[in-house]
Structure formats: C-alpha cells, structure tokens
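**Student:** No letters, just coordinates:
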C-alpha cells in the first residue's frame, strides 16, 4: 500500500474509534445506572477493558510471534500517555467552571490510583529478577499484578456502593435539561451497543496499529520510541473519546476511572503474553520501558494529590494538577529521546 492509503486507513480508523467511544459511554452509563454499580466501577471495568481492546490484540499477536518489544513499550508507554489523556478531558470535557479533579475526587478514584501504583511498582520489582524465576510459565510478579487488579475491582465495587453521589445539583440539572446526553434505548439495546462497540473498537484499533506500524517502518522510527509514543497515542484514542464523552454527560468519576482502571489493567497483559509465549516478560523489559513505568507512577501520583486537595482554580482551562502533569510528561518524553 502507498503512504496515502495507509494514512487514509489511519484517519478513518480514528474517526470510527471516536464516534464509537461516544456511544459506548452512554450505553455503559445506562448499564451502570440500571444495576447501581457506580460511575467509577463502570469506568474501571466496562470502559477500561473495552477501550483497551487494541492493546489486548497487539499483545496477543506479539506474544504468539514472541516479539515483545513493541507490545511492552505500547503497554508501559500507554500508561503514561493515557494519564495525560486526563489533561485533554480536563480542557475539552469539563470546561471553564472547575478542574476535573475538583468534580471527580471520590475515595474510589483514590483507591484506583493506589492500586495502579502498587501494580506499577511490582512491574519495576519484577525487572530485577532473573528470567528463570518462573511460576506456571510466568513470574510470580505477573501473577501478583493480576491478583491485585482483581482484588481492586472487588474492593472498589464494595466501596463504591456505600459512597455518596458526588455529583452537584448543577450536573444533575444539566442531565435533566439535556436528555440527549443520556442513552435513550432499553437495557438490552445498551448491551448490544456495548458488544458492537467492542467489536468496532477492536477492529478499528487493529487497523490503526497496523497502518501506524507500517508508516513507522517506512519513516525509520525506532521500535521502542514508536511503541511508547506514537502507537501508545493511537491506542489511547478510545480513552480520549470515551473520557471526553463521559465528562460531557457529567460522569466525571467514570472519566477518571476509565483512565486509572485501564492503566491498572494494562500490566495484566504481561501475564497473558507470558502464558501465550512461554517467556518471562518483566525480566526482559528494557531501560526505556522501565523509565516509562516510573513516569507513569509519577504522573498518577500528581493526580492523586489533586484529588486530595482538589483546588478549584485553573490555568489555561485546566487544573493545577493537569498543568503539572502536562509539563512533567513533556519533560519525560524529552528524557526518553536522550535515553534512546
């Protein structure tokens, strides 16, 4: 294929992911409301897994071919760049009234952030052990990551049901005045949209990744750099779409939980890759990937501070925490270029 056709596939896939994300958000909002699961739980489980289907596909294919470099960089680089997605949600989804972490700062979100930091810390610890340190075709750290993720789902579901609704009267009145922001169909139709949206997200995400990878090879972009930046940005498009859509229907907890929950889920794919390929993934992680993991922890910590303090003032239509996250991420990517 020519570069023109590849770019066209890339742009069409982007549009499909964006539009699908908007409909997915409304459907999941309807499902979580019906079963009283809470916005954060819906974001952490439903949205997080669906929007990470492209990463799942990339990891499975890479593990089957035992070619882990791009998949690992995509996962760890994706955690950092998906955290920066909260900056975009803050600017384009929330507006001028108040920052994102002022409107979405529940205990559930703090717990999700803590679980994410635990998981990323285990990733760093796992890199220090030899590849021969195996337990059932994988390292103990990869099994512990999966257990912490499952445990966090159970804990957050329990805490979320007992937590009061943080939505302001202004946000509730907005939903009443704008019925079009909510899903209009039945519960069965919402599940149909969820299933169909998952298929579209997976298909468009695969096309996005394949066309982007071909272009990167032709344009001579380094594999680790491509996986940690460009590919990570491509596969973060579902999170950008669903996050902004969640914020615009005033489901701020779902918007933040989609990012934190998705980031916590991504390292679980190391266990999937190990079981498929039969190799220990964490001991073979490169220095740039370790660097991206540490950057993800740093960015998550900044937003957790914002959720505890949650100041109302803004800079350039974003909260102080989003402004700091953006600066740290840009400096971090500059450091990645130096490291490579």
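**Tutor:** Arrived safely. This structure is a prediction, so every number in the text was calculated from the model and none was measured.
**Student:** What are the boundaries of the strands in this structure?
**Tutor:** With DSSP state E as the criterion, the chain has strands at 314-315, 318-319.
**Student:** Include mean neighbour count, mean pLDDT and distance to residue 27 when you put these into a markdown table, please.
**Tutor:** Where you see a C-beta, it was placed from the backbone N, CA and C, and this is true even at glycine. Formatted as a markdown table, those follow (neighbours: other C-beta atoms under 10 Å; pLDDT from 0 to 100; distance: least, C-beta to C-beta, whole Å):
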| stretch | mean neighbour count | mean pLDDT | distance to residue 27 |
| --- | --- | --- | --- |
| strand 314-315 | 16 | 86 | 31 |
| strand 318-319 | 25 | 88 | 28 |
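**Student:** Tell me which of those approaches residue 186 most closely.
**Tutor:** strand 318-319 (37.4 Å; C-beta to C-beta).
**Student:** now for that closest one, which elements pack on it?
**Tutor:** Where contact means 3 or more C-beta pairs under 8 Å, 6 or more residues apart in numbering; DSSP states H and E, strand 318-319 is packed against helix 100-103.
**Student:** What is the helix it packs on packed up against?
**Tutor:** Partner elements for helix 100-103 (3+ C-beta pairs under 8 Å, 6+ apart): helix 252-265, helix 287-309, strand 318-319, helix 320-339.
**Student:** Distance to residue 186 for the ones you listed - can I get that in JSON lines?
**Tutor:** Shown next, in JSON lines, are the helices and strands packed on helix 100-103 (distance: least, C-beta to C-beta, whole Å):
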{"stretch": "helix 252-265", "distance to residue 186": "21"}
{"stretch": "helix 287-309", "distance to residue 186": "35"}
{"stretch": "strand 318-319", "distance to residue 186": "37"}
{"stretch": "helix 320-339", "distance to residue 186": "37"}
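**Student:** Of all the ones you listed, which one comes closest to residue 84?
**Tutor:** It's helix 320-339; of the helices and strands packed on helix 100-103, that one is closest to residue 84 (C-beta to C-beta) at 4.9 Å.
**Student:** which parts of the closest one are buried?
**Tutor:** 320-326, 328-329, 332-333, 336 (16 or more other C-beta atoms under 10 Å).
**Student:** what's residue 119 in contact with, if anything?
**Tutor:** Taking C-beta atoms under 8 Å, 6 or more residues apart in numbering, we find residue 119 in contact with 145, 148-149, 264, 267.
**Student:** ok, so of those, who is nearest residue 18?
**Tutor:** Nearest to residue 18 among those, with distances taken as C-beta to C-beta, is residue 264, at 23.9 Å.
**Student:** From residue 65, how far off is the residue lying closest to the closest one once chain neighbours are set aside?
**Tutor:** Excluding the flanking residues, the one nearest residue 264 by C-beta to C-beta, 6 or more residues apart in numbering is residue 116, at 4.5 Å. Note on residue 116: its distance to residue 65, by C-beta to C-beta, to the nearest Å, is 29 Å.
**Student:** quick one, which of the two is more surrounded?
**Tutor:** residue 116 (29 against 11; other C-beta atoms under 10 Å).
**Student:** So for residue 188, what's the pLDDT?
**Tutor:** Note for residue 188: predicted pLDDT of 90.
**Student:** Tell me, how many residues neighbour it?
**Tutor:** 8.
**Student:** Repeat that for residue 57.
**Tutor:** Neighbours of residue 57 (other C-beta under 10 Å): 18.
**Student:** Was I right to think it contacts residue 201?
**Tutor:** No - if you go by C-beta atoms under 8 Å, residue 57 and residue 201 don't touch, sitting 10.0 Å apart.
**Student:** one step back: looking at the contacts of residue 119, spot the one nearest residue 218.
**Tutor:** residue 267 (30.8 Å).
**Student:** so how far is residue 189 from that closest one?
**Tutor:** Applying C-beta to C-beta to residue 267 and residue 189 gives a distance of 34 Å.
**Student:** Same question for residue 204.
**Tutor:** 21 Å.
**Student:** out of these two, which sits in the more crowded spot?
**Tutor:** Neighbour totals were compared for residue 204 and residue 189, and residue 204 leads with 24 against 13 (other C-beta under 10 Å).
**Student:** Pull the contacting residues for that one.
**Tutor:** So residue 204 contacts 13-14, 16-17, 20 (C-beta under 8 Å, 6+ apart).
**Student:** Show me the one in the residues you listed that has more neighbours than the rest.
**Tutor:** Going by other C-beta under 10 Å, residue 17 tops the contacts of residue 204 with 28 neighbours.
**Student:** I'd guessed that one sits against residue 237; true?
**Tutor:** Yes - contact criterion C-beta under 8 Å: residue 17 and residue 237 qualify, at 4.8 Å.
**Student:** shared neighbours of the two, anything?
**Tutor:** 205, 208.
**Student:** How many neighbouring residues does residue 4 have?
**Tutor:** Count around residue 4 with other C-beta under 10 Å applied: 8.
**Student:** okay, it: pLDDT?
**Tutor:** At residue 4, pLDDT is 85.
**Student:** What of residue 38?
**Tutor:** The predicted local confidence for residue 38 is 65.
**Student:** again, but for residue 232
**Tutor:** pLDDT, read off for residue 232, is 68.
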